[in-house]
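S.K.: let's see this in three dimensions:
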Amino acid sequence: MSKGDPAPAAADRFARVEVLSSESAEVLARRAASALHRRGLSAGDRVAVLLPGSSGRGGDAEREAAARVQRDVLAFSYGALRSGVVPVMVNPALTSDERAVLIADAAPALVLDDPAVLAEMLDEREGEVEIADFPLARPMHFTSGTTGRSKGVWTGIHDEASARAMWLDEIEPWALSPDDVMLTHGPLAHSAPLRFGIATLLAGGRVLLPGWFDARLTARALVEWRPTVAFAVPSHLQRLFALPEGAPDSPYRLLIHAGAACPAPLKRRIHSWAGTERTVEFYGATEGQFSVCPGAEWEERPGTVGRARPGRRLRIDSGVIWCAPPAWSTFSYWGDAAKTEAAWRMSPEGDREFSVGDLGRLDDDGYLYIDGRRDDLVISGGVNVYPDDVESVLLACPGVAQIAVFGVEDEQWGQRVCAAIVGDVAEADIREWAASHLAAFKRPKDYYRLEDLPRTESGKVRRLAVPALLGLD
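M.R.: Next up, the predicted model:
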């Protein structure tokens, strides 16, 4: 039995959470690379990965099946990237129409949407395909930027020296080692959970894959598996603390959080639970990483998201945050040269810097404070929701004349998605329409009625003015 295989008693108690060790991942990675080679794929090709595993619905059998899919997706992605084939991660929570748009845009050579097919690929014999020691690219995830139109973030294919530097940058800030056990909280269709999983495997550690996030399940995992490292969004921890029996003692040597604003009371509770010295926040986006903030530094400067991550330089220009990253950490938006050009520019120092449009400020010691997210972006539970995207769907609902989608602060989710509607549609009807046409995380939780929406002189809806108009600010 390898160190990555759970003891039978633990597996029985924990209802068979999946464990992927670095040793097992190495075998499966080589099988994945061979299977792709036999299907004619090579470096630079893309594979759309569209599989269940994060819905959070169903009983133990469904969750255990989802955990197996998570394991297979992580192992497959690990092998594909080390052969230069790039997984395109498509959120399975999206509707079929939403998924189809993203897949068409990415133009993949292969679409994996059947767990059985993926399992068969990982069961195939190994071939003679050579794979690199480090992944030659990052997975391609989708981000909506400031326009609301989802685009893939593409890092290109690197030589082995650049690939090594790129992934050591994912390992060294967290001091990941063979002794680490990483508990997966979020779905692998999102950037951070997948990349932290890959980094843990590269460091020689193990990854725990529960299928989807459930607070009670996580509490049991903390007791029975004693994970040493985790990445979570604040809402995961809020839900854990809200359990009637409370959260068990923290086993973590390092708890990393990001993905949404963390209210000060929650931040202090995290520090009290996990240990200030064991908690780290970072600020970043799918496009790249900006800053890192150990807990003690936040306590000294409440509200900061820390200083520039190693190898990067931060600058504020007209309130907008710009970051000059290492040469191997550049990106483009897949198939959108204009959007890529707008994201990058030359800094006064003569190197390239990028922005995702967020607003902030730096203090005299270089600590970054976020003043606002990209325009009217709503970040709910660590997931980006773009009002344009939601509004375009809900405007097609019979009886909706006008609609404005916006975010309202929420203790559990960071922000909750809300909508102000003009028209004679019944709330039950628009909720039914949303349930049929939008992924669950995009659906407004609250609806408000207005006689008209606030607009600029040019006629554009002033979404950010709506909460104050409704008395919600």
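
S.K.: only C-alpha atoms for contact and neighbour calcs from this point on.
M.R.: Fine.

S.K.: tell me how the protein divides into domains.
M.R.: The record assigns the chain these domain ranges, following automatic domain parsing: 8-369, 378-469.

S.K.: can I assume residue 156 is in contact with residue 329?
M.R.: No: contact criterion CA atoms under 8 Å: residue 156 and residue 329 do not qualify, at 9.9 Å.

S.K.: look at the residue nearest to residue 113 when sequence neighbours are not counted and say how many residues are nearby.
M.R.: Nearest residue to residue 113, sequence neighbours excluded (CA to CA, 6 or more residues apart in numbering): residue 50, at 4.8 Å. Neighbour count for residue 50, taken as other CA atoms under 10 Å: 23.

S.K.: surely residue 50 touches residue 112?
M.R.: Yes: using CA under 8 Å, residue 50 is in contact with residue 112, at 5.9 Å.

S.K.: who touches both of the two?
M.R.: Residues touching both residue 50 and residue 112 by CA atoms under 8 Å, 6 or more residues apart in numbering: none at all.

S.K.: tell me the contacts of residue 119?
M.R.: With CA under 8 Å, 6+ apart, residue 119 has these contacts: residue 72.

S.K.: doesn't it belong to a helix?
M.R.: Yes: applying DSSP: H, G, I helix; E, B strand; the rest coil, one finds residue 119 inside a helix.

S.K.: now do it against residue 73, distance only.
M.R.: According to CA to CA, to the nearest Å, residue 119 stands 9 Å off from residue 73.

S.K.: the host helix or strand of residue 63 packs against which elements?
M.R.: According to DSSP states H and E, residue 63 maps onto helix 60-82. Using 3 or more CA pairs under 8 Å, 6 or more residues apart in numbering; DSSP states H and E as the contact test, the elements touching helix 60-82 are strand 18-21, helix 22-38, strand 86-89, helix 115-123, helix 191-202, strand 206-209.

S.K.: report the mean per-residue pLDDT for that helix.
M.R.: On average, the pLDDT along helix 60-82 is 93.

S.K.: list the buried residues in it.
M.R.: 63-82 (16 or more other CA atoms under 10 Å).

S.K.: burial count for residue 157?
M.R.: 20.

S.K.: roughly how far does it sit from residue 399?
M.R.: 49 Å.

S.K.: circling back: ramachandran angles for the residue nearest to residue 113?
M.R.: Main-chain torsions, residue 50, degrees, to the nearest 10: phi -130, psi 90.

S.K.: next one: it, what pLDDT does it get?
M.R.: 93.

S.K.: check contacts around it.
M.R.: Residue 50 is in contact with 89, 90, 91, 92, 111, 112, 113, counting by CA under 8 Å, 6+ apart.

S.K.: hmm, 7 Å instead?
M.R.: Listed by CA atoms under 7 Å, 6 or more residues apart in numbering, the contact set of residue 50 reads 89, 90, 91, 92, 112, 113.

S.K.: just the buried residues from the residues you listed, in ChimeraX please.
M.R.: Selection of buried members from those for ChimeraX, criterion 16+ other CA under 10 Å:
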select :89,90,91,92,112
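
S.K.: which pair in the contacts of residue 50 has the greatest spatial separation?
M.R.: 91 and 112 (12.4 Å; CA to CA).

S.K.: name the nearest residue to the residue nearest to the spatial centre of the chain, sequence neighbours excluded.
M.R.: Nearest residue to the geometric centre of the chain (CA atoms, centre = their mean): residue 190, 3.2 Å. Counting by CA to CA, 6+ apart, residue 190 lies nearest to residue 141, which is 6.9 Å off, once chain neighbours are set aside.

S.K.: now do that neighbour against residue 207, distance only.
M.R.: Residue 141 is 20 Å from residue 207, by CA to CA.

S.K.: which of those two has more neighbours?
M.R.: Counted by other CA under 10 Å, residue 141 and residue 207 do not tie: residue 207 has more neighbours, with 29 against 22.
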